[in-house]
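Peer 1: Take this sequence and fold it.
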Amino acid sequence: MAESKEQENLYKEPAVRVPSLSRLSQIAQGLGLEIEGSELSDYRGTLADTYQRLYELPDPKLPVKYPRTPGYRPAQEENPCNAWYWCCDIKGASKGKLRGKTVAIKDNTCVAGVPMMNGSLTLEGFVPDVDATVVSRILDAGGHIVGKSVCENLCCSGGSFTAATGPVLNPHNNTRMAGGSSSGSAALVAGGHVDMATGGDQGGSIRIPAAACGIVGLKPTYGLVPYTGIMPIEFTLDHTGPMARTVYDTALMLEAMAGYDDGLDPRQPRDLKLTGKIENLKIGIIKEEFGLESSEADVDKMVREAAEQLGSNCGAVVKEVSIPMHSDGNSPFYSCVLRIQAFEQK
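Peer 2: Residues are numbered from 1 along each chain as shown. You can find the predicted model right below:
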């Protein structure tokens, strides 16, 4: 099916390339549709118009307020745990909650002008032109961003050996994993390279590496911290949060990151705010989370005691609840992860 030069030029402009007539014919056949000749050409023209209009629509973007240079990929001697993906130097405001604090940003998060790989070869060479909301807030609070931390391949691992840039080592023992998927963030904080770091958590990606490296990591309440400018996994599971060596610094960082994002993140309700008060808040202790074959008795005991203090000292209502399906939660999650990894390897 020959096409005129004008038609060919029409299809070159959109950001997403319009399928050829032969490819559209194959797609139609695969769907059990009989579309041929001029009808197929008309359909392709409609696709071209649609793609072009999408290309022309402006993207909402936060301003990039703080100067920076692209930075560099550190050599091995600067990167003993392989926890840095990229080093940079972005100084924030002259005052604020995080003044004087050095920060690493998980490499699933956009920092304008600085490469972002999300642990995967599929994104190698990508350079965002925007700062994620959490990046802007950290800088507004006086934080000093000194680099991007390695994360696992598309953030789909609780280990620290799937990143395209190689395994992240535990700074306490380089024969051990750092945990994932926020592997680089945990290793950099635990190794004393930064004061704090951002992490992302869908199925444990802040909590696992924080525990493995002996630091503090918090998966915030859903929507409390905006996810704008961060590569998602699944809309209803995406969280981003703080990682630091102390509870105090973790809380300080959360204060800087949390809050409503002017409608840019649809995960967020409008009345989000940190009050520090939990009187009469109902807190459930999941029965099926304790006494597992893989559990450690002293850890179980400490978690229960900490939760009980939220009731006795802070006025929360704490009680044990049973969720029988909780024990099966990992099966569908890891099934999905394995399918993603198998697809990427093809």
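
Peer 1: which stretches of the stretch 201-346 of the chain form helices?
Peer 2: Secondary structure of the stretch 201-346 of the chain (DSSP state H, counting those that start in this stretch): helices located at 207-213, 247-257, 297-312, 330-345.

Peer 1: With respect to the ones you listed, which exhibits the lowest mean confidence?
Peer 2: Among the helices of the stretch 201-346 of the chain, helix 330-345 carries the lowest mean pLDDT, a mean of 63.

Peer 1: Nearest spatial neighbour of Pro232, chain-adjacent residues omitted?
Peer 2: Nearest non-adjacent residue to Pro232, counting by C-beta to C-beta, 6 or more residues apart in numbering: Asp238, 4.9 Å away. For every residue, glycine as well, the C-beta is placed using N, CA and C.

Peer 1: Now do the end-to-end distance for stretch 215-235.
Peer 2: Criterion C-alpha to C-alpha, to the nearest Å; first-to-last residue distance in stretch 215-235 is 27 Å.

Peer 1: now the helices of the stretch 201-346 of the chain as CSV including distance to Ser120 and mean neighbour count?
Peer 2: Shown next, in CSV, are these (distance: least, C-beta to C-beta, whole Å; neighbours: other C-beta atoms under 10 Å):
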stretch, distance to Ser120, mean neighbour count
helix 207-213, 18, 25
helix 247-257, 25, 19
helix 297-312, 33, 12
helix 330-345, 7, 12
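
Peer 1: and the ones you listed as JSON lines, adding distance to Val114?
Peer 2: Shown next, in JSON lines, are the helices of the stretch 201-346 of the chain (distance: least, C-beta to C-beta, whole Å):
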{"stretch": "helix 207-213", "distance to Val114": "22"}
{"stretch": "helix 247-257", "distance to Val114": "18"}
{"stretch": "helix 297-312", "distance to Val114": "37"}
{"stretch": "helix 330-345", "distance to Val114": "24"}
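
Peer 1: Select, out of those helices, the one closest to Pro70.
Peer 2: helix 247-257 (24.4 Å; C-beta to C-beta).

Peer 1: And the contacts of the closest one?
Peer 2: The contact list for helix 247-257, computed with C-beta atoms under 8 Å, 6 or more residues apart in numbering, reads 96-98, 101, 134, 137-138, 140-141, 143, 195-196, 198, 216-218, 220, 225, 240-244, 274.

Peer 1: tell me the phi and psi of Arg267?
Peer 2: Phi and psi for Arg267, reported as degrees, to the nearest 10, are phi -70, psi -20.

Peer 1: Report the spatially nearest residue to it, omitting neighbours in sequence.
Peer 2: Distance criterion C-beta to C-beta, 6+ apart; nearest residue to Arg267, sequence neighbours excluded, is Gly223 at 4.5 Å.

Peer 1: Pretty sure the one you found sits against Asp271.
Peer 2: No - at 10.6 Å, Gly223 does not count as touching Asp271 under the criterion of C-beta atoms under 8 Å.

Peer 1: The two - which one has more neighbours?
Peer 2: Set side by side, Gly223 and Asp271 show more neighbours around Gly223, with 18 against 6, by other C-beta atoms under 10 Å.

Peer 1: Tell me which residues touch that one, please.
Peer 2: Asp265, Arg267, Gln268, Pro269, Leu272.

Peer 1: coming back round to it: give me the buried subset of the contacts of helix 247-257.
Peer 2: Among those, the ones that count as buried by 16 or more other C-beta atoms under 10 Å are 96, 98, 101, 134, 137-138, 140-141, 143, 195-196, 198, 216-218, 220, 225, 240-244.
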